[in-house]
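Visitor: no FASTA, just this:
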């Protein structure tokens, strides 16, 4: 346990840094800046991150202390808050970045921070489940619980930004980057290829859980590419295809009819790249559509475990997959819409801004 004066000193520092202004960056800026990862550029980036991460991490630690309905006191949430406080301390105690050695030491330290925060999403979900249990299940959520949703949206959006900045900086140190890749950004990402990989992963999960999986048909121009962050798109596509496969599989489980395929259509517009994921899995009642985007409901039967596909970002069972996928889309100026025909099926529209100019939406 930290002694009282130390704890107070850290709290004062957190309050001071949490009060400062955040600085957003755009996908285009990250791409242009990272295209020449010279020693000087890396030094400038590390100096920017030293300050920016202090501000963003301090703000999240403050948020975690002020969640409504006693959510801040749940063991899982306290654990996450301690991770943020530890990371804040690590960043503040590292000396100013003045030369190459400082920069390399700083990069090692943020690598450690990234690993420490790998399981934030499932651990936060556990905290929400602990709160639900105390309140006697979902039905008993008091009026005003949408505040929890807004705070978690803010928290997760900020987490995406922090991980993007850290991941981008670490990746720029790769001595042999793949051609066309700048840090985490693929300058020539093929949405068709990502759709194929995500579909194979999602079908494997469906096979494991149900013993069989519907086909996935993908339509679009196989030669079309645009700049985007591959792991972000993979995560969103995997989540949406997995949901569609599950819906179709459950709809046709006891039927003699052949399960219809899930269809993915990739369209390349002047402003947006839009990916539509269409299924005939029976759809969602209109009353249930708004629940898709809140963190307080889950559709999966069993309580989830913490192992995690995608480095601790598995979201099945938490009911977090859809709202977090929408945040990933919005992070670079896109969006996710879900339109359903109850009794027939569901269409998810993933809009990705292809201009790369929109600033990070800083909560």
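Guide: In hand now; what should we look at? Worth saying up front: this structure is predicted, and the values here are computed from it rather than measured.
Visitor: Just the helices from this structure, written as ranges.
Guide: Taking DSSP state H to define them, one finds helices in the chain at 4-18, 27-34, 39-65, 75-93, 100-116, 120-134, 146-171, 191-210, 230-251, 286-289, 321-331.
Visitor: How far off centre is the last one?
Guide: On the basis of CA atoms, centre = their mean, to the nearest Å, helix 321-331 sits 6 Å off its chain's mean C-alpha point.
Visitor: tell me the angle it makes with helix 230-251.
Guide: For helix 321-331 against helix 230-251, the angle by axes from the mean of the first three to the mean of the last three CA atoms, to 10 degrees is 150 degrees.
Visitor: Report all helices and strands that helix 321-331 contacts.
Guide: In terms of contacts (3 or more CB pairs under 8 Å, 6 or more residues apart in numbering; DSSP states H and E), helix 321-331 is packed against helix 146-171, helix 230-251, strand 335-341, strand 345-353. Where you see a C-beta, it was placed from the backbone N, CA and C, and this is true even at glycine.
Visitor: can you check the third one too?
Guide: In this structure, helix 39-65 packs against helix 4-18, helix 27-34, helix 75-93, helix 100-116, helix 146-171, with contacts taken as 3+ CB pairs under 8 Å, 6+ apart.
Visitor: would you list the ones you listed in JSON lines and tack on mean pLDDT?
Guide: Formatted as JSON lines, those follow (pLDDT from 0 to 100):
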{"stretch": "helix 4-18", "mean pLDDT": "85"}
{"stretch": "helix 27-34", "mean pLDDT": "89"}
{"stretch": "helix 75-93", "mean pLDDT": "95"}
{"stretch": "helix 100-116", "mean pLDDT": "96"}
{"stretch": "helix 146-171", "mean pLDDT": "92"}
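Visitor: Out of those helices, flag the one nearest residue 292.
Guide: helix 146-171 (11.8 Å; CB to CB).
Visitor: Flag every buried residue along that closest one.
Guide: Burial within helix 146-171, assessed by neighbour count using 16 or more other CB atoms under 10 Å, is assigned to 148, 151-171.
Visitor: any idea how far it is from the chain center?
Guide: Worked out by CA atoms, centre = their mean, helix 146-171 lies 7 Å from the chain centre.
Visitor: Next, the angle helix 27-34 makes with it.
Guide: 20 degrees.
Visitor: Just want the angle from helix 146-171 to helix 120-134.
Guide: Orientation check (the same axes, to 10 degrees): helix 146-171 against helix 120-134 gives 160 degrees.
Visitor: Give the other helices and strands that helix 146-171 contacts.
Guide: helix 27-34, helix 39-65, helix 100-116, helix 120-134, helix 321-331.
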